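J.: Sequence plus the predicted model coming up.
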Amino acid sequence: MDPILKIENVTKNYIGHRALDNVSMEIPRGSIYGLLGPNGAGKTTLIRVINRMTMPDCGNVWFEDHPITTNDIYSIGYMPEERGLYKKMKIGAQAVFFARMHGMSKSDATKKLREWFDRMELSQWWDSKVEDISKGMAQKVQFISTIVHEPKLLIFDEPFSGFDPINANILKEEIKRLRDNGSTVILSTHNMESVEEICDDITLINKSQNVLSGPVDEIRRKAGGNTFSVTYNGSSEDFINAVTGIASLIGNSKPVTGGYMQQKIHIASDDDVRTVIGNLNTNVCLRSFQEIIPSMNDIFIRAVNGTL
Amino acid sequence: MNRIGIIIEREFTERVHKKSFVISTLLSPALLILAMCAPFLFNSSGPSVQDLQEIGKGAGALLGTVFGVLSYTVIIVYGQQVMQSVIEEKQTRVLDVILTSCSPFELMIGKIFGLALVAALQVVIWLFLVIAAKTFLLPAGYDINAGGISLLMVFYVIGGFLFYASMYAAIGSAVDTPQDAAQFNLVIMMPIMISFMLLTVIVTNPDSQLAVWCSLIPFTSPIVMMIRVPVGAPIWQIVSSLVILYGTFPVMTWLAARIFRIGVFMHGKKPTWKDLGKWITLN
């Protein structure tokens, strides 16, 4: 599918520090795109480059089929990491204000926002000020203000920070729904579980460089490297005899609950998987045969440590 | 254009609905009127014609002083508000959100004109109260053109505010905290303070060369001319000083906007005067 946003060889230097080093990526239209990386890796700088809040020293950002312009920016939704709401303004009024700034009419904005406030159980706080509501509620207001004008492209910087698990789930569902309705979502996050749950594609930035890019499923499968976990009933000698020559053992068989044994193996060639299963089936009583797919958390740590 | 309107609307409604606006609008003129009318209220024997002429002169000087103080107060108080509101938006990161929906220039202009409207509303209410007080409290036979002077007052106060506000906005955009703004603030306030300190000199000698020059230079004219008008200033001087004031405020705004567009995105480092200069020339 054609990318909605294309980042080409973007480099950004600050005094004595390179924040982005020749970073490229393509964000597919209609996807949820995760921007991962340790603190200070350059995620926020990249977002600020996309938003044209800071200009790259070299490289380009393409939106649809042209270099991104400020007018494109005015049509996106952006939720910064440090939340931006007026402390002393009623939350309903300021949500209407932000929506109108994004081009909605007053009546349209009010109507849509009332619906959203209902949905997020904020209705009774419409006339409260930010300083009088909880941090979680303020986060919801911020979220609603970001999406109410139904932008084509949404950028969330650490959207789940400050949310309890219940509200974080509500947020995840809403983000998925936005994608299903046609929006493209870019989110930066440290929360690797949420990446597995909602991201279609990711880019991992480490030390200002793009170290890993691609669809989440593909990345996890590749990182697994054809490793399998086998649970069986029988002797470990029989097991070893069955796989010798076609698969290599990782460690030794260990007893697991139920009196079974478990063994990790590596099968170099996809074609050999069936042979291994066949051989095992004749030699031992197979209970389970499963590919080990590493969690995003593992991948994140391995990628950052350079051991992926 | 539409977005500027929305920003103006927000600045105006948020501020006018504040308790502090109502209190300052009603309380300050009460004090002023008291100060203005005190000499007449305590003189119960009734003035003679000669007295009236004397009083007329005195009242002009008094009115000049009052208008000068008023102009000074409004420019400083509202100018500071522009600065504070930019700093607050920067600190709470509202700026980052707003600037994905409008340009820095639109934001700055919206803010300045929103506050100008609030200032205009407040000044107009004050002047109504002052004129009412004059009509009811001053003895008959004492006549100055309060209506005309009041209208000029509005033009000078708003012109002065517009002239200074963009600089306050620029400073607000460049710093992270009000503390960091202090050194810049001091320099902006210098000409305002100087005009204020000249008050007595100008009231006693309204046609001196110093008075004429200061009422033409836009840095001092909003205050100095307001002091001179009630005691009599030539029309040509009033007209030229207004033309100069309103002609130079777009220049100030343009310069300030050059700083503002960069300042709003700068975090963590207190800028120097040199930095501000660089931002003006940066493409």
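T.: Noted; the coordinates are in hand. The shown structure was predicted, so the numbers you read here are calculated from the model rather than taken from an experiment.
J.: give me every residue that touches the residue of the stretch 151-283 of chain B found nearest chain A.
T.: Closest contact between the stretch 151-283 of chain B and chain A, by C-beta to the nearest C-beta, is at B:Phe265 (5.2 Å). The C-beta positions use only the backbone N, C-alpha and C, and glycine is treated the same way. Going by C-beta atoms under 8 Å, 6 or more residues apart in numbering or on different chains, B:Phe265 touches A:Arg48, A:Met53, A:Thr54, B:Leu99.
J.: Looks to me like the second one is in a helix.
T.: No: secondary structure of A:Met53 (DSSP: H, G, I helix; E, B strand; the rest coil): coil, not part of a helix.
J.: how much space is there between it and A:Ala99?
T.: 21 Å (C-beta to C-beta, to the nearest Å).
J.: and those two? which has more neighbours close in?
T.: Legend: neighbour count by other C-beta atoms under 10 Å in any protein chain shown for A:Met53 and A:Ala99, higher for A:Ala99 (25 against 19).
J.: The more buried one contacts A:Trp116, correct?
T.: No: judged on C-beta atoms under 8 Å, A:Ala99 makes no contact with A:Trp116 at a distance of 9.8 Å.
J.: so what's in contact with those two at the same time?
T.: The contact lists of A:Ala99 and A:Trp116 share A:Val148, where a contact means C-beta under 8 Å, 6+ apart.
J.: follow-up on the earlier one: before we move on, what SS does the residue of the stretch 151-283 of chain B closest to chain A have?
T.: Going by three-state DSSP, the state assigned to B:Phe265 is coil.
J.: that older thread, need the contacts of B:Phe265 in CSV (columns: distance to B:Met167 and pLDDT).
T.: Formatted as CSV, those follow (distance: C-beta to C-beta, whole Å; pLDDT from 0 to 100):
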residue, distance to B:Met167, pLDDT
A:Arg48, 27, 90
A:Met53, 24, 87
A:Thr54, 25, 87
B:Leu99, 20, 90
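J.: Kindly indicate which of those lies nearest B:Gly114.
T.: Ranked by distance to B:Gly114 (C-beta to C-beta), the contacts of B:Phe265 are led by B:Leu99 at 16.9 Å.
J.: Can you give me the distance of the closest one to B:Gln209?
T.: Distance from B:Leu99 to B:Gln209, by C-beta to C-beta: 47 Å.
J.: Can you give me every residue that contacts B:Leu255?
T.: Per C-beta under 8 Å, 6+ apart, neighbours of B:Leu255: B:Ser166, B:Ala170, B:Ile280.
J.: Tell me the buried residues within these.
T.: B:Ser166, B:Ala170 (16 or more other C-beta atoms under 10 Å in any protein chain shown).
J.: now, which of the contacts of B:Leu255 lie within strands?
T.: Among those, no member is found in strands (DSSP state E).
J.: Show me how far the host helix or strand of A:Val195 is from its chain's centre.
T.: According to DSSP states H and E, A:Val195 maps onto helix A:192-198. Helix A:192-198 has its C-alpha centroid displaced from the chain centroid by 6 Å (C-alpha atoms, centre = their mean, to the nearest Å).
J.: could you give the mean pLDDT of that helix?
T.: Here helix A:192-198 scores 88 as its mean pLDDT.
J.: For the helix or strand following it, the averaged confidence score.
T.: In the C-terminal direction, the helix or strand that comes right after helix A:192-198 (DSSP H and E) is strand A:201-206. Averaged across strand A:201-206, the pLDDT comes to 93.
J.: Please apply the same query to stretch B:230-250.
T.: 91.
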